[in-house]
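> Sequence first, predicted model second:
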Amino acid sequence: MDQLEQNVLELRRRLDEAAGGRPYTLLAASKTQPAELINRLPALGIYDYGENRVQEWVEKSEKIDEKLRYHHIGRLQRNKIKYIIRKIHMIHSVDQLPLACALDSAAAAAGRRVDILLQVNPAGEVQKGGVSLQELPRLYEACMALPSIRVRGLMCMAPLTEDEKLIHGVFAKARRAFDELRSGDPCLDTLSMGMSGDAHIALQEGSTLVRIGTSLFGKRSL
């Protein structure tokens, strides 16, 4: 058993415990990782991977196993949409209507419907993307009117802090917002929150998808 296999086994043990038997998706945050390593994931039971940078994904995309589902998990510039629109499985970082409209137009031109998550910013951190919880209903309603994108749920990033009580609170706010939207739209099924340092808290607070890089692959060299 090599290091990646060991990492997956240990990671699954901790995440399963935090989820308390509830199903969740483990997404491999594969920034800086080569296609050859990413392609090992299906054999280890992981079928979703996420990239932060469009250009990096383009450079390795043709080498990646088609069984893997590509998620864009970083900020997305409108002029980069054309490079990913035909292969993207889900976009996690939609927080503005102009971006949603651009995605809708590109998806329509590509003859497909694209799944998105609305990124929320419950902590109001100015250095992070995400719509405020107060503005979320307005953005959600506007996106629901766009025929070539489909809102599947929310994405949230917690503050970078060791204060677990604060992290619990931020994730709990996002979950409540998700539950409120889902009460009127049962098609919403994805709450993407939690990374290597706080995935256990996110799962305890109801996350359905965690984005794991360091705990899976080890510390990045860049």
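Sure, I can see it.
> Could you tell me how far stretch 79-93 lies from the centre of the chain?
Stretch 79-93 has its C-alpha centroid displaced from the chain centroid by 13 Å (Cα atoms, centre = their mean, to the nearest Å).
> Need the contact partners of that stretch.
For stretch 79-93, the external contacting residues (Cβ atoms under 8 Å, 6 or more residues apart in numbering) are 48, 50, 54-55, 57-58, 61, 69-76, 102-103, 106-107, 109-110, 112, 114-117, 119, 129, 152, 155, 190, 192, 211. For every residue, glycine as well, the C-beta is placed using N, CA and C.
> Which members of those are classed as buried?
Buried members of the contacts of stretch 79-93, counted by 16 or more other Cβ atoms under 10 Å: 48, 50, 54, 57, 70-74, 76, 102-103, 106-107, 110, 114-117, 119, 129, 152, 155, 190, 192, 211.
> Return the subset of the residues you listed lying in strands.
Applying DSSP state E to the buried ones among the contacts of stretch 79-93, the entries found in strands are 48, 50, 70-72, 114-117, 119, 152, 155, 190, 192, 211.
> which stretches of the protein have low pLDDT?
Counting by pLDDT under 70, the chain contains low-confidence residues at 1, 220-222.
> Okay, angle between the longest helix along it and strand 114-120 too, please.
Using DSSP state H, we find that the single longest helix of the chain is helix 164-182. In terms of direction (axes from the mean of the first three to the mean of the last three Cα atoms, to 10 degrees), helix 164-182 departs from strand 114-120 by 130 degrees.
> Pull out the buried positions in helix 164-182.
I167, H168, G169, V170, F171, K173, A174, R175, A177, F178, L181.
> could I get those as a markdown table with distance to P137?
Output for the buried residues of helix 164-182, formatted as a markdown table (distance: Cβ to Cβ, whole Å):
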| residue | distance to P137 |
| --- | --- |
| I167 | 24 |
| H168 | 24 |
| G169 | 21 |
| V170 | 19 |
| F171 | 19 |
| K173 | 14 |
| A174 | 14 |
| R175 | 16 |
| A177 | 9 |
| F178 | 12 |
| L181 | 8 |
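> which residues sit in contact with the residue nearest to T214 when sequence neighbours are not counted?
In space, and not counting its chain neighbours, T214 is closest to S196: 4.2 Å by Cβ to Cβ, 6 or more residues apart in numbering. If a contact means Cβ under 8 Å, 6+ apart, then S196 has I212, G213, T214, S215, L216 as its contacts.
> Kindly write the ChimeraX command that selects the buried subset of the residues you listed.
Per 16+ other Cβ under 10 Å, the buried members of the contacts of S196 correspond to this ChimeraX selection:
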select :212,213,215,216
